[in-house]
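Asker: sharing a model prediction with you, sequence too.
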Amino acid sequence: MAGDDCCSAKGDEIAALGAHADVRRVLILVLAINVVMFFAEFGAGLVAQSTALMADSIDMLGDALVYGLSLYALNRSLRWRAGAALVKAGVIAAFGVWVFVEVVRKVAGDVTPTAETMGLFGVIALVANLVCLALLYRHRNRDVNLSSTFECSRNDVIANTGVIVAAGGVHLFSAGWPDILVGGVIALLFFRSAIKVLLQAWPQFRAARPQAISLD
């Protein structure tokens, strides 16, 4: 019986490690996509003088940090993973503040961004985030950490679509206000996501015991 119990426990451990490795591969791939897109989009935003495009690129950087925290917390206890989700909520809120500051700065000036560059990189970012969303979809309900990363990727798709719409508005009206408007909306999405993740993670952080658990 002891041998049977040992084999059973070993099988459970292998199954748990397999699940961890599966999630880890997905997060590493999504992390790499977001890092590459941050540099591409931020550079394009600087060239195009687009608030929405730069805000979307900062969102990519935030997601890269988010996935890094998820990788760090993945094999730890539920309390650790809930704590990482709380950190992610703070990162999302901080980027929301940054975008609002950028919006105020652009309102004070009179800058019309380059619509063509906005549209092109908005489409590229949308494709990249749709790939990330597809990779994360089947893992979204496994725990609070992975749920929050899915939330981030879903918001990214909405933000990318907003950048494309803003590019069309800038081209149509030859004005910068559509770019500023979309930048503000992206900031609101940041705050909404931060509040949702915070409300979900905080009770788990307070209630969870400090031992490691497997992903189901």
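Answerer: Ah, there it is. Residues are numbered from 1 along each chain as shown.

Asker: ends of stretch 168-188, how far apart?
Answerer: Using C-alpha to C-alpha, to the nearest Å, one end of stretch 168-188 lies 21 Å from the other.

Asker: helix or strand: which one has residue 189?
Answerer: When elements are assigned from DSSP states H and E, residue 189 belongs to helix 177-207.

Asker: for that helix, packing partners?
Answerer: Using 3 or more C-beta pairs under 8 Å, 6 or more residues apart in numbering; DSSP states H and E, the elements in contact with helix 177-207 are helix 51-73, helix 78-108, helix 144-173. The C-beta positions use only the backbone N, C-alpha and C, and glycine is treated the same way.

Asker: comparing the ones you listed, which comes out most buried?
Answerer: Highest mean neighbour count of the helices and strands packed on helix 177-207: helix 51-73, a mean of 24 (counted as mean count of other C-beta atoms under 10 Å).

Asker: next one: it to chain centre, how far?
Answerer: Remark: helix 51-73 is offset 5 Å from the chain centroid, using C-alpha atoms, centre = their mean, to the nearest Å.

Asker: and if you look at stretch 113-124?
Answerer: For stretch 113-124, the distance to the chain centre is 21 Å (C-alpha atoms, centre = their mean).

Asker: tell me which residues in the helix holding residue 189 are buried?
Answerer: The neighbour-count check on helix 177-207 (16 or more other C-beta atoms under 10 Å) flags 178-187, 189-191, 193-194, 197-198, 200-202, 204-205 as buried.

Asker: that one vs helix 78-108, what angle?
Answerer: Note on geometry: by axes from the mean of the first three to the mean of the last three C-alpha atoms, to 10 degrees, helix 177-207 and helix 78-108 are set 160 degrees apart in direction.

Asker: got the angle for helix 177-207 vs helix 51-73?
Answerer: If you take the same axes, to 10 degrees, helix 177-207 sits at 20 degrees to helix 51-73.

Asker: contact partners for residue 186?
Answerer: Each residue near residue 186 by C-beta atoms under 8 Å, 6 or more residues apart in numbering is listed here: 52, 55-56, 59, 99, 159, 162.

Asker: pLDDT (mean, whole number) over whichever strand or helix holds residue 44?
Answerer: Following DSSP H and E, one finds residue 44 within helix 2-48. The average pLDDT within helix 2-48 is 67.

Asker: do stretch 196-204 as well
Answerer: 78.

Asker: do the same with stretch 84-104
Answerer: Rounded mean pLDDT across stretch 84-104 is 78.

Asker: run the chain-centre distance for it.
Answerer: 11 Å.

Asker: let's see it as PDB, backbone CA atoms only.
Answerer: The C-alpha coordinates for stretch 84-104 follow below in PDB (Å, rounded to 0.1, in the frame of the first residue of the first chain):
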ATOM      1  CA  ALA A  84       1.400  38.900  -7.700                       C
ATOM      2  CA  ALA A  85      -2.000  39.600  -9.000                       C
ATOM      3  CA  LEU A  86      -2.200  42.600  -6.600                       C
ATOM      4  CA  VAL A  87       1.100  43.900  -7.900                       C
ATOM      5  CA  LYS A  88      -0.300  43.600 -11.400                       C
ATOM      6  CA  ALA A  89      -3.300  45.700 -10.400                       C
ATOM      7  CA  GLY A  90      -1.000  48.400  -9.100                       C
ATOM      8  CA  VAL A  91       1.000  48.300 -12.400                       C
ATOM      9  CA  ILE A  92      -2.200  48.700 -14.500                       C
ATOM     10  CA  ALA A  93      -3.400  51.600 -12.300                       C
ATOM     11  CA  ALA A  94       0.000  53.300 -12.500                       C
ATOM     12  CA  PHE A  95       0.000  53.200 -16.300                       C
ATOM     13  CA  GLY A  96      -3.600  54.600 -16.300                       C
ATOM     14  CA  VAL A  97      -2.200  57.600 -14.300                       C
ATOM     15  CA  TRP A  98       0.600  58.000 -16.900                       C
ATOM     16  CA  VAL A  99      -1.800  58.000 -19.800                       C
ATOM     17  CA  PHE A 100      -4.000  60.700 -18.100                       C
ATOM     18  CA  VAL A 101      -0.900  62.900 -17.600                       C
ATOM     19  CA  GLU A 102       0.000  62.400 -21.300                       C
ATOM     20  CA  VAL A 103      -3.600  63.300 -22.300                       C
ATOM     21  CA  VAL A 104      -3.400  66.500 -20.300                       C
END
